[in-house]
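Colleague: I'd like to go over a predicted model; first the sequence, then the structure.
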Amino acid sequence: MLQSQPRFLTLEGGEGAGKSTVLSALRDALLADGQDVVCTREPGGTPLAERIREVLLGVGDEPMDAHAELLLMFAARAQHVTQVIRPALARGAWVICDRFTDSSYAYQGAARGLDTAFIAALERGAVGIVPGLTLLLDLDVASARARTRGRDLLGESAPDRIESERDAFFEHVRMGFRERATREPERFRVLDASLRAEQVAANAVAALADYRKQWS
């Protein structure tokens, strides 16, 4: 049985959608209201999970099997939930996470073609919680590519193993996210990430404010 956590917020979307900017805006809005806020990311969030992240995203000579990728994601997630997310929620903090289990359904499910029933079983067995609110930053693949290319040209980062996938892969990722949002409209808010970063952030803060009114 999955437990919904009202103070647990997640950000989802493809590469270049602007999740970092939105996360900062949500954090600042909650802090301004006097809330305890924990910001984290996946894969990662703990020392062990960050080491798993290096394995997952590193570009190596050996191709990674899709099931190995999925299981590593859930290994990192299980550690993250146990060490960071659950303790923060238990003390009454808000947790904002850049990616969570929906990414596994989109990347390893929709894009890699793995059985979603298997992913759901891992979610129930190794994670046990779902966010109260998920903001999906929806952006077409061509625009996302243009943004990430600009970031790479500025020398901010080099494409990791997953970022190096072809456009068709990311089309499936986008469809996977949109399907998740359609299936769970009460949890998801879909934001147009093609707008200016400041507008997307403002829309995210407005969605959070509306959610808090409904929840309280």
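Modeller: Cool, got the structure.
Colleague: pull out the buried positions in the host helix or strand of A120.
Modeller: Assigning secondary structure by DSSP states H and E places A120 in helix 116-122. When burial is assessed from 16 or more other Cβ atoms under 10 Å, helix 116-122 yields the following buried residues: T116, I119, L122. No exception for glycine: its C-beta is placed from N, CA and C like everyone else's.
Colleague: now render those residues as JSON lines, adding distance to E62 and pLDDT.
Modeller: Below are the buried residues of helix 116-122 laid out as JSON lines (distance: Cβ to Cβ, whole Å; pLDDT from 0 to 100):
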{"residue": "T116", "distance to E62": "26", "pLDDT": "98"}
{"residue": "I119", "distance to E62": "23", "pLDDT": "98"}
{"residue": "L122", "distance to E62": "23", "pLDDT": "98"}
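Colleague: from those residues, which single one is nearest A158?
Modeller: Using Cβ to Cβ, I119 comes nearest to A158 of the buried residues of helix 116-122, at 28.8 Å.
Colleague: spit out the contact partners of the closest one.
Modeller: L70, T101, S104, Y105, Q108, G109 (Cβ atoms under 8 Å, 6 or more residues apart in numbering).
Colleague: hmm, which of the residues you listed are the buried ones?
Modeller: L70, T101, S104, Y105, Q108, G109.
Colleague: this protein: helices as residue ranges?
Modeller: 19-32, 47-57, 66-80, 86-90, 101-103, 116-122, 141-153, 167-183, 197-215 (DSSP state H).
Colleague: hey, C-alpha coordinates of the first one in PDB?
Modeller: Listed next in PDB are the C-alpha coordinates belonging to helix 19-32 (Å, rounded to 0.1, in the frame of the first residue of the first chain):
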ATOM      1  CA  LYS A  19      13.200  22.000 -12.600                       C
ATOM      2  CA  SER A  20      16.100  23.600 -10.700                       C
ATOM      3  CA  THR A  21      14.700  27.100 -11.100                       C
ATOM      4  CA  VAL A  22      11.200  26.000 -10.100                       C
ATOM      5  CA  LEU A  23      12.600  24.100  -7.100                       C
ATOM      6  CA  SER A  24      14.300  27.300  -5.800                       C
ATOM      7  CA  ALA A  25      11.100  29.300  -6.200                       C
ATOM      8  CA  LEU A  26       9.000  26.700  -4.300                       C
ATOM      9  CA  ARG A  27      11.600  26.600  -1.600                       C
ATOM     10  CA  ASP A  28      11.700  30.400  -1.200                       C
ATOM     11  CA  ALA A  29       7.900  30.600  -1.100                       C
ATOM     12  CA  LEU A  30       7.700  28.000   1.700                       C
ATOM     13  CA  LEU A  31      10.600  29.500   3.700                       C
ATOM     14  CA  ALA A  32       8.900  32.900   3.400                       C
END
